[in-house]
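Pasting a predicted model and its sequence here:
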Amino acid sequence: MTTHRTSRRAALGLIGAGGLLAVNTMPKAAEAGDRPPGKPVPADLLPGGALDRLIAQRAAADQYSGTYLLLRNGRPVLSRSYGMADRSRSLPNKPDTIFGLGSITKMFTGIAVSQLVQQGKIAYHEKLGTYLDGFPAEVAGTVTVHQLLTHTSGMGDIYGPVNGPVIQGWSSEAEVTAGLLRLVRKAPLGFPPGTSHVYSNAGYVTLQFIVAAVSGQTFYDFVRRHVFRAAGMTGTDFYDRDQCRSSRRIAHPYAPQDPRAGGPRVDHLERVEFLGNGAGGAYSTAADLVAFMTALTGNKLLDAEHTWLATSPKNPVPPPGPPPAGKPPQFLFGCYGPSATLTGGHWILGHNGGSSNGVSTDLAWYPGDGYLAIDLCNYEGGITRDVDSLCKQLITR
């Protein structure tokens, strides 16, 4: 087991002088969860506390591999890195390791759409067919941009046992782009748009093509310029599989050969799709995600009004089940890219990501409490759930 414990000074250096989270520019919808700025950090969030011990225990049992960063008002509270980025080359995970983000990528897609809304080139109420052709009339004429962003369009997934191997077999940006467009054009509606909620990768891939059509650029180039570079995210990109294979900074994904059967973890890089898309597949570092949230909450990616519009709760999302005994209920909402949760009077804004091929990530901003928690793990999806849940409990109790 390899451990990297970053000092407060070093962590600040990684974040950069401009990386102090602008907690005073939070969306108005989050102000209900405000807490006094001088409230002490709970001991269990500090080095040596319960959260630190849990991460170390999980890493010692080979149930955690990645980088964890917790900030309060832009200053490091806890920074840890464990495990290996590339076992074959004996490269450990470090604070500046680049990890696959999974569905955290949807936040970038949502902000890109909102930027084009701010420019007057997209309208949330407009139908899909206003911007793209080739979709069936019952989709093009009924599904709105708002519904694509909030997972209420009726479009579902494009992955699965049939499409998965096809997607993995593509080997160029052109092939990925053409293939994804074919898949979303054929994606059936599972329910009339606006009448229900189903998490939709197909919807966010569709948004990728709306961004490209309206901007006149590829989706990748638009996000690189207007999100990544605009936020100062120097290590973030849609790296393709060849770049991941050769880089010494990008963590390889590790998971059991057969996720259903378990067993020893193997390198799943060759199983990962060649290039990500609007639903998932961007790569980033913990420090870059701090830069992204700093730029977003500081109104550097959107003006104040459109930042509020993109990050405020829209539609309620049915909870996965009743809260555990003794725990407050959680109220979940879709936003335009991020998700929002209200629990015990505390708002949480962010997104998580997961893949059975070796991605387990979480980004959680607590605007009323001043915390930003970033968990980037290169093991199978869901394996960090207990770590992320403990952090949330310690902040919101």
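Perfect, I can see it now.

drop to CA atoms for contacts and neighbour counts, all remaining ones
Will do.

which residues sit in contact with the closest residue to Lys127 other than its chain neighbours?
Of all residues not flanking Lys127 in the chain, Thr144 sits nearest, at 4.2 Å (CA to CA, 6 or more residues apart in numbering). Thr144 makes contact with Tyr124, His125, Glu126, Lys127, Leu128, Ser153 under the criterion CA atoms under 8 Å, 6 or more residues apart in numbering.

So Ile374, which state does it fall into?
Secondary structure, DSSP: H, G, I helix; E, B strand; the rest coil: Ile374 is strand.

Can you name the residues bridging to it?
Leu69, Leu363 (DSSP bridges).

how many neighbours does it have?
25 (other CA atoms under 10 Å).

That one touches Leu70, doesn't it?
Yes: counting by CA atoms under 8 Å, Leu70 is a contact partner of Ile374 at 6.3 Å.

Give me the residue at the spatial middle of this protein.
Nearest to the mean C-alpha position of the chain, by CA atoms, centre = their mean, lies Ile104 at 1.0 Å.

Let's verify it: helix, strand, or coil?
helix.

list the contacts for it?
Taking CA under 8 Å, 6+ apart, one finds Gly280, Gly350, His351, Asn352, Gly353, Thr361, Asp362, Leu363 in contact with Ile104.

With secondary structure as extra columns, can I get these in CSV?
Below are the contacts of Ile104 laid out as CSV (three-state DSSP):
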residue, secondary structure
Gly280, strand
Gly350, strand
His351, strand
Asn352, strand
Gly353, strand
Thr361, strand
Asp362, strand
Leu363, strand
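
Tell me the one of the residues you listed nearest Arg271?
Gly280 (14.8 Å; CA to CA).

Hmm, Phe108 and that closest one touching each other?
No: using CA under 8 Å, Gly280 makes no contact with Phe108, being 9.6 Å away.

can you give me the strands in the stretch 1-150 of the chain?
3-5, 66-72, 75-82, 84-86, 91-92, 99-100 (DSSP state E, counting those that start in this stretch).

which of these sits most buried?
strand 99-100 (a mean of 31; mean count of other CA atoms under 10 Å).

thinking again about what came up before, what's the closest of the strands of the stretch 1-150 of the chain to Gly326?
The nearest among those, by CA to CA, is strand 66-72 at 25.6 Å.

Show residues contacting that closest one.
Contact partners of strand 66-72, identified using CA under 8 Å, 6+ apart, comprise 76-85, 93-95, 97, 286, 369-378.

What degree of burial does Gly345 show, as a neighbour count?
Count around Gly345 with other CA under 10 Å applied: 18.

Student question: in this structure, what's the helix or strand with minimum average pLDDT?
helix 8-15 (a mean of 47; mean pLDDT, DSSP states H and E).
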